[in-house]
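Chemist: Okay, here's the prediction I keep looking at, along with the sequence it came from:
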Amino acid sequence: MTLEDIKRLKKEIGFTNEDIARRSGIPLGTVQKIFSGATSSPRYQTLRALEKVFADAAGPFVHRPHQAYTLPVQNQLVHEPSPAYGARNTRPNEKKQGTYTVEDYMNYPEDQRIELIDGAIYDMAAPIAGHQVLAAEIHHQLSRFVRSDKGSCIPLMSPIDVQLDCDDKTMVRPDVMVLCKKDRLKKGRVFGAPDFVVEVLSPSTRSRDMILKLGKYQNAGVREYWLVDPGKKQVITYQFNGDDMDIAIHGFTEKVPVGIYEGKCCIDFPEIQAMIDSWGEDLFW
């Protein structure tokens, strides 16, 4: 599918730039540049991601340019449900989504796992055992490399608060991160973007990690972002360079190189998978 085909499908299907950014994981700024003509030759990975969006949406109509497009029900844009509060919805002093601040976040009881993103509060379900095994093993291998390399960066593991945008509207808790700028560690919290972030996908956070946090991490200045998908046994890696990103997909059968260390550090997913196999499916189900 050529870029002209993609532009034609965008017009005929009626997707907005925001729709395309959410579906593809491509930053909105990059999408806008492509469809405005400011970027005439997108990177190969970017073009393939766009092609997949329109191939999935158009389905059987993709090769019928004169046919009106009707999107199959299962391919309609899926938005994550509004952030849940449970019993907290009954609080008389509750604010509207988008108006919460870091002060509100800090006032929540410590046993309630939440994140604050652009002024909205998101509940976080307690992670299952398999989620913790993956995160802990990735953290362990990163720590082992840093010690052996006598590096100055520090690997960290959730729950640690990250005031990502250095404002009072966002506080996240990445599963695993690497912080190389010591001045961003203040009073036990991270103030600003870590260099490297890993999120292990779960049903309750999947769309937030793949769409909302992808854009937030890139815009904040994170250099590299990994999405670890235990269901598909895949690792999606993003290396950010301004509005552009390099995307790669690896299986749990591979040793995946950490880009910020220029490949000198690799996470041994076969080793992690062997540990998971030894414990069985009860880790995840």
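Modeler: Okay, I see it.
Chemist: quick one, helices of the stretch 51-200 of the chain?
Modeler: Secondary structure of the stretch 51-200 of the chain, counting by DSSP state H, counting those that start in this stretch: helices at 102-107, 129-149.
Chemist: Next up, the contacts around Lys275.
Modeler: Lys isn't right for residue 275; it's Met. Under the criterion of CB atoms under 8 Å, 6 or more residues apart in numbering, the neighbours of Met275 are 133, 137. Placement of C-beta: from N, CA and C, glycine included.
Chemist: how about the helices of the stretch 51-200 of the chain in JSON lines, adding distance to Lys232, mean neighbour count and mean pLDDT?
Modeler: Output for these, formatted as JSON lines (distance: least, CB to CB, whole Å; neighbours: other CB atoms under 10 Å; pLDDT from 0 to 100):
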{"stretch": "helix 102-107", "distance to Lys232": "32", "mean neighbour count": "13", "mean pLDDT": "92"}
{"stretch": "helix 129-149", "distance to Lys232": "13", "mean neighbour count": "17", "mean pLDDT": "94"}
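Chemist: So for Leu3, which of those sits nearest?
Modeler: Evaluated over these, closeness to Leu3 peaks at helix 129-149, with 36.3 Å, by CB to CB.
Chemist: Can you tell me what sits against the closest one?
Modeler: 127, 151, 153-158, 175-176, 178, 198, 200, 202, 228, 230, 258, 261, 264-265, 267-268, 271-272, 275-276, 279, 282-284.
Chemist: Next: stretch 96-106.
Modeler: Surrounding stretch 96-106, the residues in contact under the criterion CB under 8 Å, 6+ apart are 82-83, 95, 114, 116, 118-121, 163, 168-169, 171.
Chemist: and the two most separated of the residues you listed?
Modeler: Ser82 and Gln163, at 23.4 Å, using CB to CB across the contacts of stretch 96-106.
Chemist: quick one, what contacts Arg223?
Modeler: So, once contact is read as CB under 8 Å, 6+ apart, Arg223 ends up touching 195-196, 239-240, 259-260.
Chemist: Just give me the closest of those residues to Glu12.
Modeler: Phe240 (31.5 Å).
Chemist: Let me know whether the closest one touches Tyr225 as I believe.
Modeler: Yes. Taking contact to mean CB atoms under 8 Å, the distance of 7.2 Å between Phe240 and Tyr225 places them in contact.
Chemist: Please enumerate the shared neighbours of the two.
Modeler: 217-218.
Chemist: what about these two, which has more around it?
Modeler: Set Phe240 next to Tyr225 and count neighbours by other CB atoms under 10 Å: Tyr225 wins out with 25 against 21.
Chemist: which SSE is the more buried one in?
Modeler: Element membership for Tyr225, per DSSP states H and E: strand 224-229.
Chemist: ok, and what's touching that strand?
Modeler: 134, 138, 195-201, 209-210, 213-214, 217-218, 234-240, 256, 258-260.
Chemist: now the angle from that strand to helix 129-149?
Modeler: In terms of direction (axes from the mean of the first three to the mean of the last three CA atoms, to 10 degrees), strand 224-229 departs from helix 129-149 by 140 degrees.
Chemist: Strand 224-229: which residues count as buried?
Modeler: For strand 224-229, the neighbour count (16 or more other CB atoms under 10 Å) marks 224-229 as buried.
Chemist: helix or strand right after it?
Modeler: Scanning forward in sequence from strand 224-229 by DSSP H and E, the next helix or strand is strand 234-241.
Chemist: Could you quantify the relative orientation of that next one and strand 224-229 as an angle?
Modeler: In this structure, strand 234-241 runs at an angle of 160 degrees to strand 224-229, with the same axes, to 10 degrees as the basis.
Chemist: could you say what helices and strands the next helix-or-strand element following strand 234-241 packs with?
Modeler: Sequence order places strand 244-251 as the next helix or strand after strand 234-241, per DSSP H and E. With contacts defined as 3 or more CB pairs under 8 Å, 6 or more residues apart in numbering; DSSP states H and E, strand 244-251 has these neighbours: helix 44-58, strand 234-241.
Chemist: The worst-scoring helix or strand of the chain on mean pLDDT - contacts with which helices or strands?
Modeler: Of all the helices and strands that make up the chain, the one with the lowest confidence by mean pLDDT, DSSP states H and E is helix 44-58; it has a mean of 75. Contact partners of helix 44-58 among helices and strands, from 3+ CB pairs under 8 Å, 6+ apart: helix 3-13, helix 17-24, helix 28-36, strand 244-251.
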